[in-house]
Structure formats: structure tokens, C-alpha cells
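Asks: output the structure for:
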Amino acid sequence: MLIVCLAGIAYCAIALVAIVRFARRPIPRAGARPGVTILKPIHGLEAELFENLCSFCEQDYETFEVMFGVARADDPAIGVIRRVIARFPNRDLSLVVDDAPFVGNPKIANLQHLFARAKYDLLVIADADMRVDPRYLSAISATLSGEGVGAVTCLYAGDPRGGLASQLAALQLNDQFAPSVLVATFAGDPRFCLGSTMAVRRSALEAIGGLAAIAPFLADDYMLGALLTARGYRVVLSRYVVRNVVAEPGLRALVSHELRWARTIRSVQTAGYVFSFVTFPLPFALAWAAFSPGALQWGTLLVVLALRVSVHEAMRRAFALDRSPVWMIPLRDCLGLGIWAAGLFGTSVRWKDQRLDARELL
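Replies: Coordinates of the predicted model:
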């Protein structure tokens with residue numbers, strides 16, 4: 001147990017350095033501003049969908065279009081999309097409804113219908129539960145203009161709506177997921193993208209075979225980055241942080257959502273997933289002190305707890321977040337470790353209202 005705790009302490013220490021270094025980076029602004037197409041694949045009603053979609057239309061950027069795509073004519077999101085389009089009559093906004101049959105990842109099938117109609121060569125793909133401010137496109141475009149850059153992606157901060165389940169879900173994004181990404185990219189550019197933002201040059205996307213190349217994969221964001229880096233392109237993690245509106249209806253939905261992530265990550269990064277238990281040192285230190293009390297055990301627990309709270313505080317400042325109650329941190333970490341353990345087994349995942357098998361999307 002001591003070795004596991006020491007590994008967790010080392011992880012937290014590296015995470016602290018990575019967070020501070022990330023927070024010190026400036027958010028760039030674009031000089032030349034080429035046209036951008038924002039692709040928004042939408043399936044059903046997300047919490048605060050209207051506000052989320054409007055935020056992508058309120059950009060401090062001259063030339064861009066926003067394309068909203070749904071796969072069914074009876075999708076309840078269509079009414080919200082039409083309200084957004086009506087609110088911005090001077091923006092280049094469009095709705096695409098295409099219920100053609102698909103094989104593979106339903107999100108990518110939706111995107112393929114949008115991509116076929118996109119006007120511009122810089123493409124920005126962002127999930128429907130994300131929210132941005134007017135600086136977003138400028139920051140993304142500036143980063144994408146770097147030499148050898150094929151894609152840009154963004155971290156996202158959990159912005160909870162509702163009760164305990166939403167707060168725990170946001171804490172997982174802010175205190176567990178985001179630091180793990182910063183640690184993974186500590187020594188260089190990522191080899192993956194994140195669904196919050198996948199900004200890609202059309203030429204780079206076509207070089208890997210277009211969206212069809214990632215359509216067979218459940219982890220489409222991971223595979224986009226992997227295929228681009230395999231072709232010699234850089235994937236860059238932007239300093240800009242997207243907001244993810246988190247509204248989990250209950251703990252059952254929270255577990256189902258996070259178990260899908262866990263099994264998806266395991267499907268593409270098996271070894272990395274297995275050893276990711278080191279990102280949860282607090283439950284191990286608590287168990288060690290509780291079942292084998294002693295000076296070493298209690299001292300280790302205090303060190304782990306101090307580092308874990310420090311990670312929370314560093315992320316709060318870097319992402320401009322509200323402080324969570326201290327008691328929620330060990331609860332969140334114990335839940336995260338349990339989901340990690342459950343993610344070691346099984347392949348069934350739920351995406352929206354569909355149940356998929358991760359083995360069939362690899």
C-alpha cells in the first residue's frame with residue numbers, strides 16, 4: 001500500500017506543477033482570421049442548450065458559420081436550434097436534418113452530413129453541452145495557425161447545475177480528468193483530442209481519410225488525434241478552457257455516464273487505464289490508515305490529503321471555479337476509484353438513449 005500511496009503522491013506533485021504551468025500560459029488572439037465553420041452535432045435536449053448554442057454564435061470573429069446537425073426530424077432540439085437561428089438573423093447559421101442510416105459512431109455520422117456542406121477550411125467541432133465566450137474562435141484560430149499544427153483541442157471545466165450528482169460530476173472533470181490530461185501532456189503535445197473542441201484543418205482531416213476514418217470508433221476524439229499525429233501533424237492543447245454545463249439527474253445517471261468514459265478509455269489505452277489507479281491516492285491512504293493505523297500510515301494520509309486539496313485549489317484558480325466543500329473531495333475520489341474498477345470489466349456503454357458495445361466500435 002505504501003508504494004501505491006507514494007506513486008499517488010508523485011502524481012499529485014507533477015499535477016500541481018503542470019496546472020501552475022498551464023495557468024501561466026496566455027490566451028492567444030488571432031492575427032489573420034481565416035473563415036471558420038463550427039460543426040455542432042446535437043442529439044436531444046441538453047441542459048441549457050439554448051444558452052450553450054448561443055455562445056458559439058456570439059464570437060468576436062469576422063467570418064464564421066455555425067452548422068447545427070440532428071439525425072431525426074422529431075428531435076426535440078430542433079425547436080431550440082430554430083430559436084437560436086432566429087435570435088441571430090445576421091449570422092451565418094444553418095440547421096441540417098439527415099436521418100440517413102449509419103454504421104458506427106452516431107455522432108460522427110451526424111458530423112459527416114454537416115461536413116459535406118461546410119464552407120470553410122478551418123473546422124471546429126464542439127459538443128452540445130459546451131459553452132464558450134466571445135474569445136473562443138480567436139484563440140482557437142491563433143493556435144491552429146502554428147507551424148505543423150493539424151488540430152487544436154481544449155480542456156473543459158465542469159459547471160454544475162443542480163444537486164450532489166452534478167457537483168460530483170463537475171468535480172471529476174475539474175479535479176481528476178483535467179489534471180490527468182495536463183500530466184499526460186507535461187512533456188509535449190497530446191496525441192489525442194477532446195470532444196469539447198476538435199479544431200482541425202480540412203487538409204489535415206482529408207489526409208487521414210476524412211471523418212470516415214474515425215467513424216468506426218467510439219473514442220472518435222482520441223482517434224482523430226492519434227491518426228493526425230501518425231501522419232506527422234501536431235495536436236496542440238489550447239490555453240482556452242471551454243465550460244461544460246453539467247446537469248446529472250441523479251447518481252445512477254452519473255455512474256452510467258462515467259462508466260461509458262471509463263470503458264471507452266480502456267478500449268483505446270488499456271495499459272494506461274489499468275495503471276490510472278495512481279490518480280486516486282486518497283482512497284488508498286484512507287484505507288491504509290483505517291485498517292492498519294500507525295504513524296507512517298497517518299503521516300502518509302496527511303501528505304496525500306494536503307496534496308489532493310492543493311490540486312483542487314490549483315485547478316479552481318486556473319479555471320476560475322467555485323471552491324467545493326472539502327468533504328466532497330474524498331467522496332469524489334472514492335467514487336472515481338469504484339468506477340475505475342468497474343471499468344476494468346464489461347464492454348456495454350450507453351450513449352444518449354442508445355446502448356452500444358465498445359468491442360464493435362474499435
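Asks: and Glu62, backbone torsions?
Replies: Note on Glu62: its backbone torsions stand at phi -80, psi -50 [degrees, to the nearest 10].
Asks: what do you get for Thr37?
Replies: Here the main-chain torsion angles of Thr37 (degrees, to the nearest 10) amount to phi -110, psi 120.
Asks: partners of it in the sheet?
Replies: Counting by DSSP bridges, Thr37 forms beta bridges with Glu65, Leu123.
Asks: can I assume it is in contact with Leu123?
Replies: Yes - with contact defined as CB atoms under 8 Å, Thr37 reaches Leu123; the gap is 5.3 Å. Where you see a C-beta, it was placed from the backbone N, CA and C, and this is true even at glycine.
Asks: which of the two has more neighbours?
Replies: Leu123 (24 against 21; other CB atoms under 10 Å).
Asks: check contacts around the more buried one.
Replies: Val36, Thr37, Leu39, Phe115, Ala199, Val200, Arg201, Arg202, Leu205 (CB atoms under 8 Å, 6 or more residues apart in numbering).
Asks: quick check: the fourth one vs Arg202, distance?
Replies: The reference is to Phe115. Distance of Phe115 to Arg202, given as CB to CB, to the nearest Å: 9 Å.
Asks: also the first one?
Replies: Val36 is 11 Å from Arg202, where distance means CB to CB.
Asks: these two: who's more crowded?
Replies: In this view Val36 and Arg202 are compared by other CB under 10 Å, and Val36 has more residues nearby, 26 against 15.
Asks: roughly how far does that one sit from Leu122?
Replies: Applying CB to CB to Val36 and Leu122 gives a distance of 5 Å.
Asks: so what sits against both of the two?
Replies: Ser141.
Asks: so where is this structure shaky, pLDDT-wise?
Replies: Residue ranges of the chain with pLDDT under 70: 100-104, 347-362.
Asks: domain assignment for it?
Replies: 2-20+252-360, 28-247 (automatic domain parsing).
Asks: name the stretch among the ones you listed that sits most buried.
Replies: domain 28-247 (a mean of 19; mean count of other CB atoms under 10 Å).
Asks: and that domain, how far out from the chain middle?
Replies: 10 Å (CA atoms, centre = their mean, to the nearest Å).
Asks: which residues are in contact with stretch 53-63?
Replies: Contact with stretch 53-63 is made by 30, 33-36, 38, 40, 66, 68, 80-81, 84, 87-88, 91, 93, 120, 126, 128, 131-138, 141, as judged by CB under 8 Å, 6+ apart.
Asks: and the strands in the chain?
Replies: With DSSP state E, the ranges of strands along the chain come out as 36-41, 64-70, 92-97, 122-125, 130-131, 149-153, 156-160, 198-201, 234-237, 242-246, 348-351, 354-357.
Asks: the first one - contacts with which helices or strands?
Replies: Secondary structure elements in contact with strand 36-41, counted by 3 or more CB pairs under 8 Å, 6 or more residues apart in numbering; DSSP states H and E, are helix 49-57, strand 64-70, helix 106-115, strand 122-125, helix 136-144.
Asks: so which of the contacts of Leu123 is the closest to Gly232?
Replies: Nearest to Gly232 among the contacts of Leu123 is Arg201, at 13.0 Å by CB to CB.
Asks: wait, doesn't that closest one sit right on Val124?
Replies: No - assessed by CB under 8 Å, Arg201 is found out of contact with Val124, at 10.9 Å.
Asks: list the residues that contact Leu49.
Replies: Contacts of Leu49 (CB under 8 Å, 6+ apart): Ile42, Ala77, Val80, Ala128, Asp129.
Asks: could I get the residues you listed as TSV with distance to Leu171?
Replies: Output for the contacts of Leu49, formatted as TSV (distance: CB to CB, whole Å):
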residue	distance to Leu171
Ile42	26
Ala77	27
Val80	28
Ala128	22
Asp129	17
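Asks: out of those, which two sit at the greatest distance?
Replies: Val80 and Asp129 (12.8 Å).
Asks: if I pick Ala71, what's in contact with it?
Replies: Counting by CB under 8 Å, 6+ apart, Ala71 has contacts His43, Val97, Asp98, Asp99, Phe102, Pro106, Ala109, Asn110.
Asks: if you set the cut-off to 6 Å instead, what comes out?
Replies: When contacts are counted by CB atoms under 6 Å, 6 or more residues apart in numbering, Ala71 is found next to Asp99, Asn110.
Asks: how about it, phi and psi?
Replies: Dihedral pair for Ala71: phi -100, psi -10, per degrees, to the nearest 10.
Asks: quick revisit: nearest to Asp175, of the strands of the chain?
Replies: Closest among the strands of the chain, once you apply CB to CB, is strand 156-160, at 9.1 Å.
Asks: adjacent strands (with direction) for the closest one?
Replies: Checking strand 156-160 against DSSP bridges gives partners strand 242-246 (parallel).
Asks: what angle separates the partner strand from strand 149-153?
Replies: Interaxial angle of strand 242-246 relative to strand 149-153 (axes from the mean of the first three to the mean of the last three CA atoms, to 10 degrees): 40 degrees.
Asks: next, the angle helix 136-144 makes with strand 242-246.
Replies: Using the same axes, to 10 degrees, one finds that strand 242-246 and helix 136-144 are set 130 degrees apart in direction.
Asks: can you tell me what sits against strand 242-246?
Replies: Contacts of strand 242-246 (CB under 6 Å, 6+ apart): 47-48, 129-132, 154, 156-160, 166, 169-170, 196-197.
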